[in-house]
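>>> What shape does this take:
(5 chains)
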Amino acid sequence: MVAQGVHRMVRLVETEVECCKIVSEDVKDAVVLEGSPELGLIGNILGWLLVEELKMRQIGYIESKDFPPLAVLYNGVAIHPFRIYSTDGIVLFLSDFIIPPNVAYDMATAIVNWAERNNSKEIITFNSVVVREKTGEISGAANSPDMLKSMADMNIPILPFGNVNGLSGTLLTRSMVKNIPASCLFAEVLNQYPDPRAAATVVDVLNKKLGIKIDSEPLLKEAEEIESRLKELANTVQEGQESPAYM
Amino acid sequence: MVAQGVHRMVRLVETEVECCKIVSEDVKDAVVLEGSPELGLIGNILGWLLVEELKMRQIGYIESKDFPPLAVLYNGVAIHPFRIYSTDGIVLFLSDFIIPPNVAYDMATAIVNWAERNNSKEIITFNSVVVREKTGEISGAANSPDMLKSMADMNIPILPFGNVNGLSGTLLTRSMVKNIPASCLFAEVLNQYPDPRAAATVVDVLNKKLGIKIDSEPLLKEAEEIESRLKELANTVQEGQESPAYM
Amino acid sequence: MVAQGVHRMVRLVETEVECCKIVSEDVKDAVVLEGSPELGLIGNILGWLLVEELKMRQIGYIESKDFPPLAVLYNGVAIHPFRIYSTDGIVLFLSDFIIPPNVAYDMATAIVNWAERNNSKEIITFNSVVVREKTGEISGAANSPDMLKSMADMNIPILPFGNVNGLSGTLLTRSMVKNIPASCLFAEVLNQYPDPRAAATVVDVLNKKLGIKIDSEPLLKEAEEIESRLKELANTVQEGQESPAYM
Amino acid sequence: MVAQGVHRMVRLVETEVECCKIVSEDVKDAVVLEGSPELGLIGNILGWLLVEELKMRQIGYIESKDFPPLAVLYNGVAIHPFRIYSTDGIVLFLSDFIIPPNVAYDMATAIVNWAERNNSKEIITFNSVVVREKTGEISGAANSPDMLKSMADMNIPILPFGNVNGLSGTLLTRSMVKNIPASCLFAEVLNQYPDPRAAATVVDVLNKKLGIKIDSEPLLKEAEEIESRLKELANTVQEGQESPAYM
Amino acid sequence: MVAQGVHRMVRLVETEVECCKIVSEDVKDAVVLEGSPELGLIGNILGWLLVEELKMRQIGYIESKDFPPLAVLYNGVAIHPFRIYSTDGIVLFLSDFIIPPNVAYDMATAIVNWAERNNSKEIITFNSVVVREKTGEISGAANSPDMLKSMADMNIPILPFGNVNGLSGTLLTRSMVKNIPASCLFAEVLNQYPDPRAAATVVDVLNKKLGIKIDSEPLLKEAEEIESRLKELANTVQEGQESPAYM
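Residues are numbered from 1 along each chain as shown, chains lettered A, B, ... in the order given. Model prediction:
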């Protein structure tokens, strides 16, 4: 019913900023989550989990000539590669491709404009820190001392120094300019590959922050599947029976 | 007579979208097929088969500065590298080069505008899934639940998840925005090389969908020729007698 | 006297198409030849031969910011890298550099506009087919069945299928749109290197088509010189005495 | 309190030059320092030292679509990657990323425009010279003979010839056009890696020039930490126990 | 005093052509020399020699966003990387970086416009021919038969055929269009490295052409220094004591 949801709407508003156009319903006073894939795909994995667990409804999408030509299949139905979902007081901007760097500034501006017009309460983004050994701890950063304090009050360890790359980084500074509180949650990853186990570590904090009750179980199961497939592949390769398929 | 067909027309309409221009007769209420080459060249191979078997007439072409400089020879006559053909109720957009990614969005928009103005019934695109071992089965996806159901009714297995790359992916989402039903048929391929045998597996479904009777025999013959040439080449190389010519 | 010829003209007309500008005298009812370098440099080699043998007069040039920065020396005089020559009823567009792909569409449009305004009889371009073993035969293609028939009448074998790359390919389709007959003559080459011997095989056909009498002897001599230099180099390298100079 | 400082301002002025926009308070009659990272990151390392030691207040930032998508964390608060700081009579333009070459001209123009409007006394930039062996000496250059003399009067050795790359180079010439005195201080580095020890050698000269009293101790400590970590890594690698982590 | 010379001028005229702007005093009826670095850096080396030996005064510069970010140090003073100098009847356009190819057309147009407005007598550019063995002879080419004859009258051997790359090539054709006589002097070089000895061979001809008396001694000395440093390096490398420093 996802795609149909988009079609029947009549109050679609367009927020256009040069490179990209947000076509979406307005949702007032929401918390805005952003889930575009950085190292480990944390934001993207969490976004899909929220869509499924909270049965979020698609309320719009972002379109741009600068996106890679791509449709995403969801139960056999093609959907936009960058979609906007909503459920009680939560809005999710979910992209299934890495945002091209030359698009990040305009896209962050468009999202922040949307958030400003809709009086969004705050913006939460996701990213990762590459570590040598995982401790299972998540950490956070914010675009203002107040926001940082509210994270400390929730016992979220602060990531004091470092760079926040990609759309989530630009969102933090673009929202700061408009006085919209924003924060970023970082999961630990070992490398750039999709890491549902790392994404799962963020679920508890997110539950607390949003007052929701999502189960991280599906992510752990997904992680196990990936790991068992990798083990199988390693065995196969060792036995020299076949090489991995193209693509 | 193909090229001449284009010249004698007086009702050529231009649908221009920034990067590219569709110059074509209008054909009302048709089913629109799109055959641009993705992995395995499925759409392109099927397109040429349809042109030959249905003796489709060229009704136009797409031109763009962003296309590679290229003419295609057809029985010695140079034709546009992206042509539009028509026969009873079917219109085919057929490209002989891989659509540059930076052109896909505008081109999909132009094609969808053309389809909207001509009240096209639906859009069918072709693509492929890379597999380790072929089962010979094709699968499908659509840009709306209704369209998906009509595929299920034809016993076409649904491809539930994955990415649809290239023009066919962008066509699915751009047509969704205009409420034009669109679907994609996927053939199994092992790699990126032209695969007429894979294209042949789509012919039956296409016959059913379009109410036509095309023979997949020419594709199977073409596949055999390719395979025998490859075998020959393998032998030659093994015997070390000559290296393949530069091209 | 070449460069001076350009200076004294007062009827220079400018045909401008975005990326490039044709600055040239008008010549009515001519056959237009195009000689830009593709694999084997056939068109360029033939163009220079025509200039010398027919003592063609330079009537203009094409200029563009998108050309590589380059002047060509001709008997010590710097000339434009893309020049236009004329003699009794023949006009030659001769480029000494490979046309950048992003320029080909606009340049073909500019040349075709020039040809249309000057009521040019037809356009002849040159290209090559890469073969494993040469048979010495040339082949042809055209942008209309009529034009193709006139080639068949001259006993020129037709190249039925394939791609025509570069400016000559785009010229075939751009001229088709304006109903200007155009053809392409293909010489056989073994690789991408300049091949005067291959160009020489085209001379007979060109003589018949244009009603001229050019001698291919200079090309054969040039080919012998190249071949003897290559043989020398091969010997030198074998003896390990010196490596080829940087250039 | 850094980010908050930006929010409460009401006299923010925008200096826009095509590619980038300076959003900043005005500060009159100041000495302007520029610290963008070149080889050795001298300017950036010195900039951060000044911010901390002089407790400089952020008064603005530069934003641009052409910057890499990036936020920088400072005590857990996300800040713009290119910030402007101020304290008694000193203004610092501090960037945490290498300025893209295509941005340098416009950015230098914007900074010089800001300096002109604010009647800045002079501009000081930082760069490095790659040497085979360090002597510990810094050297200087200027954009006018007067400025050069004032450096000689401070016993700063002059770097007579060479190229000044990057934003600092362009700032020297763009300020010259507006008659704003500017100079560059060069530290010796062995390679392109961050070199706090090299940056420390500039501190004494800077203290004299600015009439401040900064301690280079933190940089020497940072250098020791880097060096000891490198030594550790070298030992580890030698013992073959582990490979360095990704990123 | 170079930079100061620029500052005190009040009759600076701007010749702007899209990509670049000439900011310079006007100098009437001069011979214009152009010295941008091609293979061997002949023009650049000669240009610096002229500046020093003729004590030329800087009268302007060219600026462009498309130049690399760069200042050049001259006795410790930062100067524009592309400067214009003058002395009795001679104007020199001197660049210290390789002109980006996408800039060459517009820059040549700007220089030719400046020359036209200032009624410049002629333009002389410098380039090189790569040879296997040096004969010490220079050769010339021109943009008109008249100009070529005047070179022959000075016993300068003519370079009959070949390509003239870079700004000097484009200057030859752009000036031809405006009927400004232009020539190019070619020195023999063995490779692309700076070759002051090759530049020295051009000095005699230049003296004759310009009626000046420059000594090529400084270039020969510079060549000796380069050669002795290279020999030293070769010895050092052979003895395996150290590797050359970065940059």
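>>> in chain A, what residue is nearest chain C?
A:K65 (17.5 Å; C-beta to the nearest C-beta). No exception for glycine: its C-beta is placed from N, CA and C like everyone else's.
>>> Give the phi and psi angles for that residue, as a check.
Here is the backbone geometry of A:K65 (degrees, to the nearest 10): phi -70, psi -20.
>>> A:D96 now?
The phi/psi pair for A:D96 (degrees, to the nearest 10) is phi -100, psi 20.
>>> Contacts only, for it.
A:P37, A:N44, A:L70, A:V72, A:P81, A:F82, B:N163 (C-beta atoms under 8 Å, 6 or more residues apart in numbering or on different chains).
>>> longest helix in chain A, by residue count?
helix A:217-239 (DSSP state H).
>>> which helices and strands does it pack with?
helix A:42-53, helix A:196-210 (3 or more C-beta pairs under 8 Å, 6 or more residues apart in numbering or on different chains; DSSP states H and E).
>>> could the contacts of A:D96 go into JSON lines alongside pLDDT and distance to A:V205?
Putting those into JSON lines (pLDDT from 0 to 100; distance: C-beta to C-beta, whole Å) gives the following:
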{"residue": "A:P37", "pLDDT": "95", "distance to A:V205": "19"}
{"residue": "A:N44", "pLDDT": "97", "distance to A:V205": "17"}
{"residue": "A:L70", "pLDDT": "96", "distance to A:V205": "31"}
{"residue": "A:V72", "pLDDT": "97", "distance to A:V205": "27"}
{"residue": "A:P81", "pLDDT": "97", "distance to A:V205": "27"}
{"residue": "A:F82", "pLDDT": "97", "distance to A:V205": "25"}
{"residue": "B:N163", "pLDDT": "95", "distance to A:V205": "30"}
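>>> will you turn the residues you listed into a markdown table that also has secondary structure and distance to D:L185?
Output for the contacts of A:D96, formatted as a markdown table (DSSP: H, G, I helix; E, B strand; the rest coil; distance: C-beta to C-beta, whole Å):
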| residue | secondary structure | distance to D:L185 |
| --- | --- | --- |
| A:P37 | coil | 42 |
| A:N44 | helix | 46 |
| A:L70 | strand | 49 |
| A:V72 | strand | 53 |
| A:P81 | coil | 49 |
| A:F82 | strand | 47 |
| B:N163 | strand | 52 |
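>>> and those residues as CSV, adding neighbour count?
Below are the contacts of A:D96 laid out as CSV (neighbours: other C-beta atoms under 10 Å in any protein chain shown):
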residue, neighbour count
A:P37, 22
A:N44, 21
A:L70, 21
A:V72, 22
A:P81, 24
A:F82, 23
B:N163, 16
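>>> Among these, which one lies nearest to chain E?
Among the contacts of A:D96, and counting by C-beta to the nearest C-beta, the member closest to chain E is A:L70, at 31.4 Å.
>>> Any regions of chain A where pLDDT drops low?
A:1-11, A:237-247 (pLDDT under 70).
>>> Could you pull up the residues touching whatever residue of chain A ends up closest to chain E?
Closest contact between chain A and chain E, by C-beta to the nearest C-beta, is at A:N102 (17.6 Å). Counting by C-beta under 8 Å, 6+ apart, A:N102 touches A:C19, A:D66, D:K65.
>>> Just give me the residue closest to the centre of chain A.
A:G35 (1.1 Å; C-alpha atoms, centre = their mean).
>>> So what does the nearest residue to A:E116 once chain neighbours are set aside have for phi and psi?
Take A:E116 and drop its neighbours on the chain: the residue closest to it by C-beta to C-beta, 6 or more residues apart in numbering or on different chains is A:K178, 5.2 Å away. Backbone torsions of A:K178, given as degrees, to the nearest 10, read phi -100, psi 10.
>>> For the nearest residue to A:F126 once chain neighbours are set aside, grab the count of nearby residues.
Distances taken as C-beta to C-beta, 6+ apart place A:G43 nearest to A:F126, at 3.6 Å, with adjacent residues excluded. The tally of other residues near A:G43 (other C-beta atoms under 10 Å in any protein chain shown) stands at 31.
>>> again, but for A:P145
15.
>>> can I assume it is in contact with D:V77?
Yes: under the criterion of C-beta atoms under 8 Å, A:P145 makes contact with D:V77 at 6.1 Å.
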